[in-house]
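Undergrad: got a predicted structure plus its sequence, pasted below:
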Amino acid sequence: MNKLNDKGQRHGYWEDYHHDGTLNWKGHFDNNLRDGYWESYWSNGKLLYKGNFINDSLNGYWQYCNSNGNLTLKEFYL
């Protein structure tokens, strides 16, 4: 987790945390580009968004939630 490749780029599975220690986001990097499934969280631990990246671009269905964790928006990206 949270490893760099030989070029000093983020590669593989990473997690980031808010200042209070709660999970901020988790996802995969491929040579410093977001690639694959990602989730991000409000500081209260509720889901903020989830979806997939391909080469650092939003791809497919994404879901966005308010700070109570209620779904507020679904979007599709190509």
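TA: Arrived safely, thanks for sending. Numbering: from 1, shown residues only.
Undergrad: grab the nearest non-local neighbour of the residue nearest the centre of the chain.
TA: The structure's the chain has its C-alpha centroid closest to residue 38; by Cα atoms, centre = their mean the separation is 3.3 Å. Nearest residue to residue 38, sequence neighbours excluded (Cβ to Cβ, 6 or more residues apart in numbering): residue 27, at 3.4 Å. All C-beta atoms are positioned from the backbone trio N, CA, C, and that covers glycine.
Undergrad: quick check: that neighbour vs residue 1, distance?
TA: To residue 1, residue 27 is 11 Å away according to Cβ to Cβ, to the nearest Å.
Undergrad: where does this structure have low pLDDT?
TA: By pLDDT under 70, the chain has no low-scoring segment.
Undergrad: what pairs with the helix or strand hosting residue 52, parallel or antiparallel?
TA: Per DSSP states H and E, residue 52 falls inside strand 47-54. If you go by DSSP bridges, strand 47-54 pairs up with strand 33-41 (antiparallel), strand 57-65 (antiparallel).
Undergrad: could you list the buried residues of it?
TA: Buried positions in strand 47-54, judged by neighbour count with 16 or more other Cβ atoms under 10 Å: 47-53.
Undergrad: can you lay out these as TSV showing distance to residue 66?
TA: What follows is the buried residues of strand 47-54, written out as TSV (distance: Cβ to Cβ, whole Å):
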residue	distance to residue 66
47	10
48	9
49	11
50	14
51	16
52	21
53	22
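Undergrad: ok, so of these, who is nearest residue 14?
TA: residue 53 (12.3 Å; Cβ to Cβ).
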